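Peer 1: Only the shape, not the letters, is given here:
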């Protein structure tokens, strides 16, 4: 597994957090053991609950930095006039999308029981961002499970002929359109651990 520095991880997640109305204000990393990361966040727009995002950040650091990293929310400030975070679908203007290319999700490290909840979280993120398709990296064992889930959502799962274990998910309203694959080099994969956090604990303010 490729490792990243904290600065690289923050850079990769900055736009994802911004898409949920959260801004990194400060971070402090103690070497440990185990490493202990404290982050200060500012909410400037409605989005997913802050505990959701902090748990996802912890999962990302444990996957790409150190497997025992503790992530703690330090200061959390909500700017005046910003309402409560919410889980309902919202559809911002395309210019506000956190994705510059086609979204992608690598599911290969997830256990079978985590697949469907993670996919549901991803589906919500795609809907809020106005996205109609996304790349999925899957194992051979995961493929039939994800295909069944896609069928239940009236979406289409297309195998990518040029790379094994890679599929394109097309959402329901676009499932019947011509199967043209978006440029893979412009894909933006996000850590599955960030979405897995949505069903692993209580919601917060």
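Peer 2: Thanks, I have the structure now. The model shown is predicted, which means the values in this text are computed figures rather than measured ones.
Peer 1: tell me the contacts of residue 122?
Peer 2: By CB atoms under 8 Å, 6 or more residues apart in numbering, residue 122 lies in contact with 103, 105, 134, 195. (Each C-beta comes from the backbone N, C-alpha and C, glycine too.)
Peer 1: Narrow these to those in strands?
Peer 2: By the criterion of DSSP state E, membership of the contacts of residue 122 in strands covers 103, 105, 134.
Peer 1: which one of those residues has the most neighbours?
Peer 2: Scoring the ones in strands among the contacts of residue 122 on neighbours with other CB atoms under 10 Å, the highest-scoring entry is residue 134 at 26 neighbours.
Peer 1: so where's the protein uncertain?
Peer 2: By pLDDT under 70, the weakly predicted segments of the chain are 1-2, 83-98, 173-179, 196-205.
Peer 1: can you tell me which helix in it is longest?
Peer 2: Longest helix of the chain, by residue count under DSSP state H: helix 112-128.
Peer 1: Flag every buried residue along that one.
Peer 2: Residues of helix 112-128 classed as buried: 114, 115, 116, 118, 119, 121, 122, 123, 124, 125, 126, 128 (neighbour count, 16 or more other CB atoms under 10 Å).
Peer 1: All the helices of this structure, residue numbers only.
Peer 2: Read by DSSP H, the chain holds these helices, from start to end of the chain: 6-19, 50-64, 112-128, 143-152, 192-196.
Peer 1: how big is the angle separating the second one from helix 6-19?
Peer 2: In other words, helix 50-64. 150 degrees (axes from the mean of the first three to the mean of the last three CA atoms, to 10 degrees).
Peer 1: Could you pull up the residues touching residue 125?
Peer 2: Residue 125 sits next to 19, 103, 195 when contact means CB under 8 Å, 6+ apart.
Peer 1: What separation do you get for the last one and residue 75?
Peer 2: The gap separating residue 195 from residue 75 is 25 Å, by CB to CB, to the nearest Å.
Peer 1: one step back: tabulate the ones in strands among the contacts of residue 122 (CSV), appending distance to residue 146.
Peer 2: As requested, these are arranged in CSV below (distance: CB to CB, whole Å):
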residue, distance to residue 146
103, 15
105, 10
134, 12
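Peer 1: ok, of these, which one's closest to residue 188?
Peer 2: Proximity of the ones in strands among the contacts of residue 122 to residue 188, judged by CB to CB, is greatest for residue 103, which lies at 5.9 Å.
Peer 1: My read is that the closest one contacts residue 135, right?
Peer 2: Yes: contact criterion CB atoms under 8 Å: residue 103 and residue 135 qualify, at 7.2 Å.
Peer 1: Touching both of these two, which residues are there?
Peer 2: When contacts are counted by CB under 8 Å, 6+ apart, the set common to residue 103 and residue 135 consists of residue 187.
Peer 1: give me the number of residues near residue 135?
Peer 2: Other residues close to residue 135 by other CB under 10 Å number 22.
Peer 1: same deal with residue 77?
Peer 2: Neighbourhood size, residue 77 [other CB under 10 Å]: 12.
Peer 1: try residue 10
Peer 2: A count of nearby residues for residue 10, using other CB under 10 Å, gives 18.
Peer 1: Could you tell me how far it is located from residue 190?
Peer 2: If you go by CB to CB, the gap between residue 10 and residue 190 works out to 14 Å.
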